[in-house]
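Enquirer: give me a model of this one.
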Amino acid sequence: MEKRRSVLKRILASAVGISVFGISKDSIAAPAEEKVVNNVTSFQDVPLFSGSTKLGNMVFVAGKGAHVEPFEIKAHTEIVLKELEKELLKAGSSMEKVLKVTVFLNDIADYQGMNEVYKGRFGKNPPVRTTVAVAKGGVPGNSLVEMDCIAYI
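Expert: Numbering: from 1, shown residues only. Now for the predicted structure:
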């Protein structure tokens, strides 16, 4: 058993720069490419956040919500997924290349309705997903759902 652990540690260390004691200095070197920022939202003329950011072959899309009527989970989920797809396409990616999605629901009772619209939207190999119900105050902007994602290009 100990020999197997030793072999696994060596494989991990060589593959991703992880040592027995943590991350090696080689794995935390500065990125070779500049990050590309799109759709910057400002508050009082100070940049607040970006709609998406690209670094190398990765794209990170900020949370998208549906801030319109009707206030119905299926309609809001459809809007949010279309907004995510728009950002991904602008960045040179697609729904099929999404690796991780985080879903924020205003009410956990909307989980099934959100899933009905969500299913199949990311191809036959869906990304990993975390779904949480937002505590007191809800999703910003009166949206019933907000989603962000990480994808590759």
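Enquirer: return the distance of stretch 119-135 from the chain's centre.
Expert: Its chain's C-alpha centre and that of stretch 119-135 lie 10 Å apart, by C-alpha atoms, centre = their mean, to the nearest Å.
Enquirer: ignore what I typed, I meant stretch 105-116.
Expert: 18 Å.
Enquirer: wait, doesn't V132 sit right on L105?
Expert: Yes - in this structure, V132 is within contact of L105 by C-beta atoms under 8 Å, at 7.1 Å. Any C-beta I mention is one placed from the backbone N, CA and C, and that applies to glycine too.
Enquirer: C-terminal to whichever strand in the chain runs longest, what's the next element?
Expert: If you go by DSSP state E, the chain has its longest strand at strand 46-55. Following strand 46-55 in sequence order, the next helix or strand is strand 58-65 (DSSP states H and E).
Enquirer: between the strand or helix carrying K86 and strand 46-55, how big is the angle?
Expert: Take DSSP H and E as the rule and K86 turns out to sit in helix 73-90. Angle of helix 73-90 versus strand 46-55, following axes from the mean of the first three to the mean of the last three C-alpha atoms, to 10 degrees, is 70 degrees.
Enquirer: how about the next helix or strand along the chain from helix 73-90: buried residues?
Expert: Counting by DSSP H and E, the element after helix 73-90 in chain order, helix or strand, is strand 98-105. By neighbour count with 16 or more other C-beta atoms under 10 Å, strand 98-105 contains the buried residues 98, 101, 103-105.
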